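*Asks:* Structure, please.
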Amino acid sequence: MAFVLFMAVLLFQTASAQLTHILTINISPAAGGSVTVDGAPYTVPLAVTPGTHILVAAPAAGYNFTEWLDGTNSNISVDPTIDIGV
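*Replies:* Below you'll find the predicted structure:
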């Protein structure tokens, strides 16, 4: 079986004028695997600082990683490890 990851980055500005990025990753199907961001397990929601972050997809037993998609369902990469800039 295959699993696909959809990714979106939402931007928010706090009262102190710092830009906060909320990284949203949807795993399809949900049981298909997991993701780490900069070496830590992905949790919802995940606030990240501006800059480059390393995302690694790890398929669950019986699944194969297929691709990363962006918020418009466009293919970002078929490599399970990607660097994203936010």
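*Asks:* So which residue is smack in the middle of this structure?
*Replies:* Note on the chain: the residue nearest the mean C-alpha position is residue 25, at 4.2 Å, using Cα atoms, centre = their mean.
*Asks:* how close does that residue get to residue 73?
*Replies:* From residue 25 over to residue 73 the distance is 14 Å, taken as Cβ to Cβ, to the nearest Å. Backbone N, C-alpha and C define where each C-beta goes, glycine included.
*Asks:* in stretch 52-66, what's buried?
*Replies:* With burial defined by 16 or more other Cβ atoms under 10 Å, the residues of stretch 52-66 counted as buried are 53, 55-57, 59, 63, 65-66.
*Asks:* quick one: terminal-to-terminal distance for it?
*Replies:* According to Cα to Cα, to the nearest Å, stretch 52-66 extends 22 Å from its N-terminal end residue to its C-terminal end residue.
*Asks:* With stretch 41-58 instead?
*Replies:* The stretch stretch 41-58 measures 11 Å between its terminal residues, going by Cα to Cα.
*Asks:* cool, and stretch 48-61?
*Replies:* Here the two ends of stretch 48-61 are set 29 Å apart, with distance taken as Cα to Cα.
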